[in-house]
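# Quick one, structure for this:
(2 chains, ligands or ions: 4)
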2 protein chains.
Amino acid sequence: MAATTALTASAFAQAESPLPPKVEADAKKLIEKALADDQGYRTVEELTTKVGARLAGSEAEARARDWAVDHLKSLGFKNVRIETFEIPYWAREKEAAAIVSPFPQELEITGLGGSVATPEGGVTGEVVRFETMTELKNYPEGDTLAGKIVFVDEPMVRTQDGSGYGVAVAKRSGAANEAGKRGAKAALIRSVGTDHHRFPHTGLMSYEKDVTKVPTAALSAPDSDQLARALEMSDGPVTVLFELSVQTREKAPSGNVIAEIPGRTDEIVLIGAHLDSWDLGTGAVDDGAGVGIVVGAGKLMLDKRKKPERTIRIVLFGSEEVGLLGAFEYARAHAAELDKHVMGAESDFGAGKIYQFQTRYGESQLDKAAAMARVLEPLGIARGDNMAGGGPDVIPLRIAGVPVTSLRQNGWDYFDLHHTPDDTLDKIDPDELAQNVAAYAAFTWMAANMPGPFREPPAEEAAPTEDVADGAQ
Amino acid sequence: MAATTALTASAFAQAESPLPPKVEADAKKLIEKALADDQGYRTVEELTTKVGARLAGSEAEARARDWAVDHLKSLGFKNVRIETFEIPYWAREKEAAAIVSPFPQELEITGLGGSVATPEGGVTGEVVRFETMTELKNYPEGDTLAGKIVFVDEPMVRTQDGSGYGVAVAKRSGAANEAGKRGAKAALIRSVGTDHHRFPHTGLMSYEKDVTKVPTAALSAPDSDQLARALEMSDGPVTVLFELSVQTREKAPSGNVIAEIPGRTDEIVLIGAHLDSWDLGTGAVDDGAGVGIVVGAGKLMLDKRKKPERTIRIVLFGSEEVGLLGAFEYARAHAAELDKHVMGAESDFGAGKIYQFQTRYGESQLDKAAAMARVLEPLGIARGDNMAGGGPDVIPLRIAGVPVTSLRQNGWDYFDLHHTPDDTLDKIDPDELAQNVAAYAAFTWMAANMPGPFREPPAEEAAPTEDVADGAQ
Ligand SMILES: [Zn+2]
Ligand SMILES: [Zn+2]
Ligand SMILES: [Zn+2]
Ligand SMILES: [Zn+2]
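Ligands and ions are numbered 1, 2, ... in the order given. Model (predicted):
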């Protein structure tokens, strides 16, 4: 009996988890509660109904901030506040396109954020179609496309992890920039999206320095097919009219909304989402869902009425869609305490089930990731690699060395809706959203209460340990 | 041996099919050819690409007629012609809606065909929601809704045979008429459709005599949900702005396009589809598909280079969407030869697979239907009852006593697209379309070459036969 006890104790010591049993038990209780809770769904429901679309810098985004402050205070969060900043403002006004000849008919387009306007009455030109951005880039520069309207028809590959986005999104800025270098009048792209509905997808574009700025817009997938067919069926040139008017202001107000569950130390675990959306839909999957997920998770932790070791900070970033402006502003305003940020994670990929727990921690800290992964596994979450991005708004934190986590969501349908009018509440499955809330609550609680750092300790301290380790091999 | 022969001959006589073996063999060959042919698909592809949307009475509908004449002539049809007529014209111009308070945001709407315009700048009023048309009809008449905007939020049931349409479509005219009887300013309806995309569905409405005409429009399903949620979340009234401007003309040109495969007799088998579409999509499933199906079937029969017994007449009706105007005009113009129309059938329910062969023939002629059904069965087509409608544009023929056939299509997804911008070519499955072409080719060939009538013979001739039959029981 004594021998058995000794053996058990020894086995326990060998497998000793970095996750204290009490923290693990609390995390598991949070999962249980979250799966039966609807605060996450009710949060996105309120935001998308009471505010709807909330373009960066707009009066609607300001209303979203006010709603968020009221909502977070009423839920009981502490230190609820807005950190304001200013951004350059861009909004679409009128937009239209049509095939003028030989098959006159309207086309569904939407201007890309940041595009210059066309002259009033629009531009008309012969369409030159490129199957890929590469094909356009390989086209000789100069006046080679003078007077023409460039059309980049590159499709996007549907994937679970959203990896089709990288190639597809390149044309959002690329088409206009390459068109400008070749004297074209305008650039149209096939929408960056995976659906086959008649919704064009908007999104940010930006001009390269010193390039001639040409107006640019996205066609819906069916309209891209239609234009391609018109080019095929026509004996001569196909002429298109494209008109876009925009409203711009040098400075418009934006802001990040912050709420906290204060901890016992000055260390911070940050979970976030972005509060702004594009103007076309009500911003439900992008990123009302993320707001619901982190607020829902936060509320469950708040309801524990047990102070976490570290402060849990929820940040609802402003102006994400127009260049992560809230994220960079956050990093600037909080530069002095970035070293106190022990963890960052953003939910910004819809409301699909989380299927993978991906980290970017110090290599020597991966036992902590493994311990957390075991708690998340019953939610159907696999352990991913240690190359996490963490979400767009934590990029500035990651750059500053903050460890980040990606609770990766099933994005199979995400780019059907992304940046379209069809991004509305009905696309969110409350049960899948609840699984997200459960994962965020458990993960965040563990990150806030697990002893020790997630960063790699500074090299001068770590070096001796490494020497020992090397010597021991 | 002699006895055996006698027995066989007798058995054959008992089971003798009204379908001559040669006709049956030809029908089977047509099926085989159709399943490997793409003329049907190429026809709808050309129509929807070269013409696109083709509103009744518009210049685009005129281009569709010209395209159809060229197309049918180039395929080799005979007696290709346009039979013109005039219709009252209605077209939308500007349309917009928004929640004004307490949750300001835009709503996606589309005006219903035939609606009066709002005053410039629109109407603004408090929304009163009714879950069903019945609820609105039961609401007291008088000034009971003075100054209000009526919102009928009745959903539509998804079914294979489209039977959910009847109840749902009642609100398209009903909402405005009942609103007008109660002093309301305007009427909004949940779209008559089964999808959950941000597309409002248009369609014809008409005012009752002596009713106050109020402007009316349809909200997309997500916008209907949004408005219902706003009403639920608001402590006070929800106010909506609705603006609609329309263009109307007393007379605009329309027409039916006719093509034939001349037969040996002056009897006519008519198959049709409608050439016009609503203005929002490119009219692919409604009813470019039907045009492709009947033209594709006709072309295969033409290619047999064997004169059918009866003339096969393809009619591409104009102005179906605005009240079957082409159909009534056809019946008027061809009144003198309606008794020579032995059969009518229209394809106007998309491009889904045909699952049922439904007839409306004389009761004494059902052995002919049974014989045709056996040929169609290998296409996955079940025998339906004898209560066929035949398709909207053959209603006037049916009323005049012409036997009709419905080759019923799987309409599970049809009302996702119906009368929306999303009705585009990519929604058509070429293989399912080919199955339709096969069924139409086989059915039409059999109807054109099978001896005897499909109508019930006139009572004075039929009576003795019936007496005999009764007596034999
Ligand atoms: Zn986002
Ligand atoms: Zn986005
Ligand atoms: Zn139709
Ligand atoms: Zn229709």
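# end to end, how far does stretch A:360-379 reach?
With Cα to Cα, to the nearest Å as the measure, stretch A:360-379 spans 21 Å from end to end.
# what's in contact with it?
For stretch A:360-379, the external contacting residues (Cβ atoms under 8 Å, 6 or more residues apart in numbering or on different chains) are A:17-19, A:24, A:27-28, A:31, A:354, A:357, A:359, A:381, A:383, A:386-390, A:398, A:403-405, A:435, A:438-439, A:442-443, A:446-447, A:450, A:452-457, A:462, A:465. (Glycine included, C-beta is placed from N, CA and C.)
# Same question for stretch A:318-325.
So stretch A:318-325 is in contact with A:55-57, A:61, A:65, A:85, A:87-88, A:90, A:113-114, A:203-204, A:206, A:254-257, A:274-278, A:287, A:317, A:326-327, A:348, A:392-393, A:395-396, going by Cβ under 8 Å, 6+ apart.
# Can you tell me which of the residues you listed are buried?
Using 16 or more other Cβ atoms under 10 Å in any protein chain shown as the burial test, those include A:55-57, A:61, A:65, A:85, A:87-88, A:90, A:113-114, A:203-204, A:254-257, A:274-278, A:287, A:317, A:326-327, A:348, A:392-393, A:395-396 as buried.
# Which ones among the residues you listed map onto strands?
In strands, defined here by DSSP state E, the members of the buried ones among the contacts of stretch A:318-325 are A:F85, A:I87, A:P88, A:W90, A:S254, A:G255, A:N256, A:V257, A:H274, A:F317.
# Pick the one among those residues closest to ligand 4.
Of all these, ligand 4 sits closest to A:W90, with 39.0 Å by Cβ to the ion.
# do you know how far the closest one is from A:E321?
Separation of A:W90 from A:E321 (Cβ to Cβ, to the nearest Å): 10 Å.
# Next, show the common contact partners of these two.
Joint contacts of A:W90 and A:E321 (Cβ under 8 Å, 6+ apart) are A:G113.
# what about the strands in chain A?
Using DSSP E, strands in chain A cover A:78-101, A:105-107, A:109-111, A:123-130, A:149-152, A:186-190, A:216-219, A:239-261, A:268-274, A:311-317, A:341-346, A:354-360, A:382-383, A:404-409.
# Mean pLDDT added to those strands, as CSV?
Shown next, in CSV, are the strands of chain A (pLDDT from 0 to 100):
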stretch, mean pLDDT
strand A:78-101, 98
strand A:105-107, 98
strand A:109-111, 98
strand A:123-130, 98
strand A:149-152, 98
strand A:186-190, 98
strand A:216-219, 98
strand A:239-261, 98
strand A:268-274, 98
strand A:311-317, 99
strand A:341-346, 98
strand A:354-360, 98
strand A:382-383, 98
strand A:404-409, 98
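# nearest to B:K307, of those strands?
strand A:105-107 (39.5 Å; Cβ to Cβ).
# and for the closest one, what are the contacting residues?
Applying Cβ under 8 Å, 6+ apart, the external contacts of strand A:105-107 come out as A:96-99, A:219, A:223, A:226-227, A:240, B:51-53, B:60, B:282.
# Please name the strands paired to it in the sheet, noting orientation.
If you go by DSSP bridges, strand A:105-107 pairs up with strand A:78-101 (antiparallel).
# mind listing what's buried in the strand it pairs with?
Here strand A:78-101 shows A:80, A:82-83, A:85-92, A:95-101 as buried, counting by 16+ other Cβ under 10 Å.
# Just want the angle from that strand to strand A:123-130.
Counting by axes from the mean of the first three to the mean of the last three Cα atoms, to 10 degrees, strand A:78-101 lies at 100 degrees to strand A:123-130.
# Tell me the residues of the stretch 351-473 of chain A that contact chain B?
Contacts of the stretch 351-473 of chain A with chain B, taken as Cβ under 8 Å from any Cβ of the partner chain, map to A:T420, A:P421, A:D422, A:T424, A:L425, A:D426, A:K427.
# Grab the nearest non-local neighbour of the fourth one.
Here the nearest residue to A:T424 in space, its sequence neighbours aside, is B:P222; by Cβ to Cβ, 6 or more residues apart in numbering or on different chains that works out to 4.0 Å.
# Can you check the pLDDT for the most centrally placed residue in chain A?
Note on chain A: the residue nearest the mean C-alpha position is A:D348, at 3.6 Å, using Cα atoms, centre = their mean. Predicted confidence (pLDDT) at A:D348: the value is 98.
# and the residue of chain A nearest ligand 4?
A:R198 (16.8 Å).
# any chance of the residues of the stretch 351-473 of chain A next to chain B in a markdown table, with neighbour count and distance to B:V44 too?
Shown next, in a markdown table, are these (neighbours: other Cβ atoms under 10 Å in any protein chain shown; distance: Cβ to Cβ, whole Å):
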| residue | neighbour count | distance to B:V44 |
| --- | --- | --- |
| A:T420 | 28 | 26 |
| A:P421 | 27 | 27 |
| A:D422 | 28 | 25 |
| A:T424 | 27 | 31 |
| A:L425 | 24 | 35 |
| A:D426 | 16 | 31 |
| A:K427 | 21 | 30 |
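# Near chain B, which residues of the stretch 151-300 of chain A are found?
Counting by Cβ under 8 Å from any Cβ, the stretch 151-300 of chain A sits next to chain B at A:196-199, A:221-222, A:225-226, A:229-230, A:233, A:281-282.
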